[in-house]
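Trainee: structure for the following, please:
(one chain, ligands or ions: 2)
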Amino acid sequence: MAFDEAAIRRHMLVTPGAMAAADERTIAGGTERAVLIRRAARAITRVLRSRYAKQPTVILCGPGHNGADGISVAEMLIEAGWPVEVVLLDENQDLSDRLGVLSRVRPSGTFSPRAGMLVIDALFGAGLSRLLEGEALMLIERLELSQATCLAIDLPSGLDGQTGEIRGAAPYADATVTFHRLKPGHLLGHGPERCGKVFLADIGIEAEEDDAGALHNHPDLWRHLLRPSKRDTHKYEKGHVTALGGPGLKGGAGRLAARAAAVSGAGAVTYLTPLSSAEFAAASFDAVMVAPFHGPDSVTDLTYKRGGACVFGPGMGHGDAAKEALLAVLETEIPCVLDADALTLFEKKPGELFEKLHPNCVLTPHEGEFSRLFGEMEGSKLERACKAAKKAGAVVLLKGSTTVIAGDGLPLVNSNGSAALATAGAGDVLAGLIAGFLAQGMAAAEAAAAGAYIHADAASGQGPGLEAEALPPLIASVLKNLVAPTH
Ligand SMILES: NC(=O)C1=CN([C@@H]2O[C@H](COP(=O)(O)OP(=O)(O)OC[C@H]3O[C@@H](n4cnc5c(N)ncnc54)[C@H](OP(=O)(O)O)[C@@H]3O)[C@@H](O)[C@H]2O)[C@H](O)CC1
Ligand SMILES: [K+]
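Mentor: Ligands and ions are numbered 1, 2, ... in the order given. Below you'll find the predicted structure:
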């Protein structure tokens, strides 16, 4: 995996299970648990006092170390003169050594969260192991339905730190303070909507690379792979992209993919389209070359001559010639992006596609195309993408507001997507962009990661009226800021 090693450690996502092991490893290394809990409490209190005015505050404390964080925060806030009350899930919990806190304990039945109140959720964090029920469920449901401001410790209680699924109920936190590294559940499923703003605190837990369950996609991981264009580079040295488009109006998607490949930094792009629409296509391009598509040889001859990468799917149509061309190119094992029609072509017989795919292929389905190609799968979005990548023997980029990328290395979660991307043609642009990075020599997972992030970054800050045609120039300016200029 050619991701930057130091960035892997910085941007790894740690599952709750691995987090518990990292805690224990740090304690075994000589740091007392009480010290870790105090550091966590100090980090939480710092965020809390910078984000909220002094106000009536209730701290819900669970039976584990998440609750211990809450009790330590209670001590610090009481010391700072905050009006704090504490609700203990386990009312028999021994607080004889914390008399200051003990005097603030109130029965759980009195918990009535409302606007103008701050509730610190210290019921469960990484140790949530089952559905909320009974007292715990009652407290969290009340909080979830209230107008109170919630600050969650580590995770909103009820949110699964691995999958982002909700186990019974979970509050809508205004903010979450977590420790050491983000967990997949902060970014997957209901995580983004339930965690609010996530603050990451360093409490001195030792990081080990094999703690990583996944990576949080970030330019640090692959920016070094974006090749700045050197003045004397010949255009074909910077990679060639072949984009196969369909006839007539369907060609629009293919043209978008070709245009995106052209701004990726690839040296040259050829857009192949049936003779009937070649003239129209030529008129709509300047930097992209247009050539007639007569059948599979048109593609294999071009890829044989120019190498690089291919993007199939956007606007390609379901014609036999296009399908034969796709299968013929897959035989050559050059890097390929398969999107849209190239995926739906094989919905009835996915095995016909899977047996031809190779590790330099990137599939870019949305959820609908994914389930029609791979069938219904159990698990989180990340787990489903990993299973699909194994089944296909290729990189699978599963699109959505949170996009996941799975291949044969660590999977990645891309979280900078925005609603603006839900516009027709945005997927065609993404497919073309990834093909452009493949053509420049990036491996499949790296090209998919860079494409997903840059594509989303280009759209961020744009309104709901964003049109896909506007994306390529926006992508060009994002790339300009990311790629170190050569002297
Ligand atoms: N580990 C450390 O040294 C540090 C942890 N930090 C904080 O602690 C939590 C992780 O602590 P942990 O005790 O492992 O887990 P929790 O506090 O989240 O909760 C575990 C206890 O809750 C019970 N539980 C779990 N699910 C349910 C449920 N649905 N209903 C009722 N009770 C539940 C669980 O019982 P079991 O039967 O499953 O054992 C435990 O009793 C972490 O999130 C951090 O906030 C510190 O920050 C640093 C040091
Ligand atoms: K919590």
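
Trainee: residue contacts, Q162?
Mentor: By C-beta atoms under 8 Å, 6 or more residues apart in numbering, Q162 lies in contact with T15, P16, G17, K183, P184, G185, G213, S380. To be clear about C-beta, it is placed using only N, CA and C from the backbone, and glycine gets the same treatment.

Trainee: kindly report the same for R255.
Mentor: Listed by C-beta under 8 Å, 6+ apart, the contact partners of R255 are G245, Y271, A281, S284, F285, V288, G315.

Trainee: check the gap between it and S284 for me.
Mentor: 6 Å (C-beta to C-beta, to the nearest Å).

Trainee: sorry, back to before: buried subset of the contacts of Q162, written for ChimeraX?
Mentor: In ChimeraX syntax, the buried subset of the contacts of Q162 is picked out as below (16 or more other C-beta atoms under 10 Å):
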select :15,16,183,184,185,213,380
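
Trainee: buried sites along the helix or strand of the chain at the bottom of the mean pLDDT ranking?
Mentor: One helix or strand of the chain scores below all others by mean pLDDT, DSSP states H and E: helix 275-284, with a mean of 84. Using 16+ other C-beta under 10 Å as the test for burial, helix 275-284 gives S277, A278, A281.

Trainee: can I get that helix as CSV, trimmed to CA atoms?
Mentor: Extracted as CSV, the C-alpha positions of helix 275-284 are listed here (Å, rounded to 0.1, in the frame of the first residue of the first chain):
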residue,chain,number,x,y,z
LEU,A,275,-19.4,7.4,-35.5
SER,A,276,-23.0,8.8,-35.4
SER,A,277,-22.2,11.0,-32.4
ALA,A,278,-18.4,11.6,-33.0
GLU,A,279,-18.9,15.0,-34.7
PHE,A,280,-21.2,16.2,-31.9
ALA,A,281,-18.7,15.0,-29.3
ALA,A,282,-15.8,16.6,-31.1
ALA,A,283,-17.6,19.9,-31.0
SER,A,284,-18.0,19.8,-27.3
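
Trainee: for E193, which non-adjacent residue is spatially closest?
Mentor: Excluding the flanking residues, the one nearest E193 by C-beta to C-beta, 6 or more residues apart in numbering is Y172, at 7.1 Å.

Trainee: any idea how many residues pack against that neighbour?
Mentor: 17 (other C-beta atoms under 10 Å).

Trainee: okay, and it sits in which element?
Mentor: Counting by DSSP states H and E, no helix or strand carries Y172.

Trainee: kindly report the same for G436.
Mentor: Going by DSSP H and E, G436 is in helix 426-439.

Trainee: what's the first helix or strand after that helix?
Mentor: That would be, after helix 426-439 and using DSSP H and E, helix 444-459.

Trainee: what mean pLDDT does that next one have?
Mentor: Averaged over helix 444-459, pLDDT sits at 97.

Trainee: now the helix or strand immediately after it in the chain and helix 426-439, what's the angle there?
Mentor: Downstream of helix 444-459, the first helix or strand assigned by DSSP H and E is helix 471-482. Orientation check (axes from the mean of the first three to the mean of the last three C-alpha atoms, to 10 degrees): helix 471-482 against helix 426-439 gives 40 degrees.

Trainee: so what secondary structure elements neighbour helix 471-482?
Mentor: helix 251-263, helix 426-439, helix 444-459 (3 or more C-beta pairs under 8 Å, 6 or more residues apart in numbering; DSSP states H and E).

Trainee: this completes my enquiry, with thanks.
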